[in-house]
Structures are given as C-alpha cells and as structure tokens.
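Chemist: coords please:
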Amino acid sequence: MTALALAGLLIVLILAGIPVTFAIMAAGLVGLVVIGRGNIIDGVMETLPAASVTSFTLTAIPLFILMAQLVLLSGLLDSLFDAARSVVGRVRGGTGMAAVGAGTAFAAVSGSSTASAATLAYTSTGKMIEEGYHPRTASGMIAVVGTLAAMIPPSIALVFYAITAGTSVGDQLIAGFFPGLLVALAIVLTMYVTILRNVDSVPRGTASTMSDKAVSIAKASPILILFGAVVGSIYFGVATPTEAAAVGCLAAFGLAIVYRRATLEGLIGAVTGTVKSTAMILAIIVSAHVFGHFITETRVAPAFANWVETLTIPALGLVLVIGLFYVVLGFFMDQIAIIALTVPIVVPIVETLGYDPIWFGILMVLLAEIGLVTPPLGLNVFVVSRSSGRPVEEVFRGAFPYVVAMLLLAVGFCIWPDIVLWVVQ
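Modeler: Modelled structure (predicted):
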C-alpha cells in the first residue's frame, strides 16, 4: 500500500511539472522516511549515486550520443533525404517515402528520437508541404518517423534497457533492427491508407535520371557505411558495443572533417550537447536507484511476482495488460525514466510468464515510442511543431493514424515473439 501511495505521489509530482529526475528522487526519499528507514538516507546518498553510474557498459551511451552529434555536424542528413527521394522517383507519396527512408537511415546513427525528429522536421516537413502534402499528414508522419531512433541500433534506449535488465547489449541492439524496419514499413503503409481517403493529400514524387540517382546515393553512402561498420562489428562479434561506439565517433569526426564542418564552434556544440544529454540520463539513473532502493525495502517486487504466478489469466493476457500500462506511462514520462523505474520490477515478472527479456525490451521501447507522439507530453510532437512552425494540435492529429499502426504492430509482437527474436536466436 505504501509503494502504491508513493507511486501516486510520483505521478502527481510529474503532472505538477517537476522534472522527472527530481520527482523520482523525492518520491524515493519520502518513501524511505514513511517506512521508517529515514536513518539510512545518508548512507544511500553516499553510496548509490557513484555505484549506479560507474558501470563500464554505460560508457556506450555518451559515445553513441557523441557519434550522433558529429553526424549532425557533418550535414549528411540532407544527402540522405535527397538520395531516398531520387530512388523513389515518381511514385505517389515518393517524398513521404523518402522522409521515412531518410529517417530510418538517420536513426541508424542517431540513437535519439528527439534529435531525429527535430532534424527531419527542418529538412523534410517544409519540402513535403511545398510539394502539396497536407500539413497534417507531413508533420504527423515526421513526428512518428523520429521515434525510429529509439528502436533501430544504436538506440540509446535499447542500450540502457540492456544494462538495466541485464541482457546482452549487443543482442539487444541487433534484435531491434528488424522490428525497426517493420515500424518504418507500417508508417509507409499507413500513409498509403490515408491516400485511399484523400488522394490529393499525398502527391506524386519527382522523377530522377539514373545519373542523378547514382550521384545522390554516392553522396549519402558515407553514413550508410558508418552504420554498417558500427552495427556490423557488433553483430559479428568483432567489437563490443562500447568499442563500436568509439570507432563510430572517430569515423563521424572524420566525416565532419571531410565535409569541412569540423569547426571549433561546431565541435564545442557537439560536445556540449553530448554532456547535457548524458548528464540527464545519468541523473535519472541515480534517482531511479534511490527509488528502487525504497522498492527493495518494501519487498513489493517479489510479492508482486509471486502474486502474478497465482493468477489463472493466460500469459498473453497479462503481457497485453503490462503493455497497456507502458502506453499510459509513455503519456507522462520519457523512455529513459520509464526503463529505469520499471524494468527491475517488471522484467522478472515477464520472465516468470515465459517470455524472453530481450523480446520484452523491444516491445517496451515500441510502446514507449507511442508516448512520444501522444498527448499530453508527446515530446516529438512539440519538437516537430517548433521546428516546422505547425500548430501542435495539427501534428497530434496527423500522428494519430500512425499510433494505431504501431499499436497493432505491438500486438503482433506479443502474439508472435519470434518476429523479434529470430535475428538473435
């Protein structure tokens, strides 16, 4: 009962606008006082912060963030979009398909949904609207495409999930590749469903000659090679995720030099952005460990797991209920906070039900992606709205059909888990 009351306090603090990090920390400390363990707070605060962030595996996170910042600095995303658009040609909805293709490729070297959405909004939304796309269709789709960075390796969310759940970081990243492609395909198919309702909302693309296609693909090839080097080295066991991230940073820095974008100001901005993002993630980790210590003291997690074992509800039904819980959480919290707060409790329950924790990580990240494009927070929607100059309500409405498609895909993952796991089996 105490744990439930403190969970309610946590939600109230978040809804009141308190930053997630401080809300989690406050709920954990208040919880320790309520259960009569206030005397250990000094010891907890002396040991937990350092212990929770000194894992060597965590070094992959700032390295992947820095790699994404350096790729952004190189200015290669424009060439990705142009290459995808030239390949699609005069197909109706070609520019939309190109935006999805560019977003998928950029997700492969970004790892950050918010950065991906902001960059795509600058480069793609305006061009789509100029070509005749309905603004709602263009902005909503770009907001959803940005979420692919949370799924396709090297996803920061998947790295953090693997560290928190105790799964192999390499296997977790590789497992996200095929589901990420399925999400991209679902976005394209959903766009074509909207065509059936209003043909004029999605115009034809622009034809390109074979020579133009070859030139545009050649310009975009460095970023594809970078993705192949990073993910390929992990998949074939040549390098650990941390080593692959370090090589990726070096390669991205080389690209910034080649394209003459490695200015002192640009490099300072890349490092500053990396430090800010890393500090945010590490602060959430520290707070989640404090809250987790409170949960451990109450022994709620093992009691809840034992209770689940006594239920007669089919395992699939329980997983669907857990999935709905994550969709609701995504309305109010970001992915890193959700992972840090819930994984230590939920993963043992999922394993008790007979599901693979690597599979669950993919499902959870997919469901958390939905929270990035749904009210009230919908961070990607606000980012796209600000970057493209479109009203927030318009972007939310445009994203809704894609949210339905992602939910259907999540149900499919629950019914057929091998869709996710075949790559790592």
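Chemist: Show me the shaky parts of the stretch 201-350 of the chain.
Modeler: 201-208, 300-302, 304-305, 308-309 (pLDDT under 70).
Chemist: Which parts of it are helices?
Modeler: 210-235, 241-258, 264-298, 300-310, 315-330, 335-352 (DSSP state H, counting those that start in this stretch).
Chemist: Go through the ones you listed and pick out the most buried.
Modeler: helix 335-352 (a mean of 22; mean count of other Cβ atoms under 10 Å). C-beta: built from backbone N, CA, C; applies to glycine.
Chemist: Pull the distance from the very next helix or strand once past that helix to the chain's centre.
Modeler: Next in sequence after helix 335-352, counting helices and strands by DSSP states H and E, comes helix 357-371. How far helix 357-371 lies from its chain's middle: 9 Å, per Cα atoms, centre = their mean, to the nearest Å.
Chemist: Quick check: residue 222 vs residue 25, distance?
Modeler: Plainly put, residue 222 is 42 Å away from residue 25 if you go by Cβ to Cβ, to the nearest Å.
Chemist: ugh, wrong one, I meant residue 46
Modeler: 15 Å.
Chemist: higher neighbour count, those two?
Modeler: Between residue 46 and residue 25, counted using other Cβ atoms under 10 Å, the more crowded position is residue 25 (22 against 10).
Chemist: Skipping its backbone neighbours, what lies nearest the more buried one in space?
Modeler: Leaving aside its chain neighbours, residue 25 sits nearest to residue 287 (4.1 Å; criterion: Cβ to Cβ, 6 or more residues apart in numbering).
Chemist: thinking the one you found is in contact with residue 24, fair?
Modeler: Yes: counting by Cβ atoms under 8 Å, residue 24 is a contact partner of residue 287 at 3.9 Å.
Chemist: Need the residues touching each of the two.
Modeler: Taking Cβ atoms under 8 Å, 6 or more residues apart in numbering as the contact rule, residue 287 and residue 24 both touch residue 340.
Chemist: give the contact list for the residue nearest the centre of the chain.
Modeler: Centroid-nearest residue in the chain, with Cα atoms, centre = their mean: residue 150, separated by 2.0 Å. Listed by Cβ under 8 Å, 6+ apart, the contact set of residue 150 reads 113, 156-158, 335, 365, 368-369, 372.
Chemist: Out of those residues, which two sit at the greatest distance?
Modeler: 158 and 372 (14.9 Å; Cβ to Cβ).
Chemist: looking at the helices of the stretch 201-350 of the chain, which is closest to residue 378?
Modeler: Short answer: helix 315-330, nearest of these by Cβ to Cβ, at 9.3 Å.
Chemist: What is the three-state secondary structure of the residue lying closest to residue 121 once chain neighbours are set aside?
Modeler: Excluding the flanking residues, the one nearest residue 121 by Cβ to Cβ, 6+ apart is residue 387, at 3.6 Å. Look at residue 387: counting by DSSP: H, G, I helix; E, B strand; the rest coil, its state is helix.
Chemist: how close does residue 387 sit to residue 87?
Modeler: Relative to residue 87, and taking Cβ to Cβ, residue 387 is found at 25 Å.
Chemist: cool, and residue 221?
Modeler: For residue 221, the distance to residue 87 - Cβ to Cβ - is 13 Å.
Chemist: host element of the residue lying closest to residue 396 once chain neighbours are set aside?
Modeler: Spatially, and ignoring its direct neighbours in sequence, residue 396 is nearest to residue 381 (5.5 Å; Cβ to Cβ, 6+ apart). Using DSSP H and E, residue 381 maps to helix 379-388.
Chemist: Give the other helices and strands that the helix or strand just after that helix contacts.
Modeler: Going down the chain from helix 379-388, the next helix or strand is helix 392-415, by DSSP H and E. If you count contacts as 3 or more Cβ pairs under 8 Å, 6 or more residues apart in numbering; DSSP states H and E, helix 392-415 packs onto helix 135-145, helix 177-197, helix 315-330, helix 357-371, helix 379-388, helix 418-421.
Chemist: Specify the angle between the second one and helix 210-235 in degrees.
Modeler: With axes from the mean of the first three to the mean of the last three Cα atoms, to 10 degrees as the criterion, the two stretches helix 177-197 and helix 210-235 enclose an angle of 140 degrees.
Chemist: Hey, what's the angle from helix 177-197 to helix 392-415? Just curious.
Modeler: 130 degrees.
Chemist: buried residues in helix 177-197?
Modeler: Across helix 177-197, burial judged by 16 or more other Cβ atoms under 10 Å covers 177-180, 182-184, 186-188, 190-191, 194-195.
Chemist: Farthest pair within those residues?
Modeler: 177 and 195 (28.0 Å).
Chemist: So what does the closest residue to residue 233 other than its chain neighbours look like in phi/psi?
Modeler: With sequence-adjacent residues excluded and distances taken as Cβ to Cβ, 6+ apart, residue 233 is closest to residue 239, at 4.1 Å. With angles defined as degrees, to the nearest 10, residue 239 sits at phi -140, psi 150.
Chemist: separation between residue 239 and residue 245?
Modeler: Taking Cβ to Cβ, one finds residue 239 at 9 Å from residue 245.
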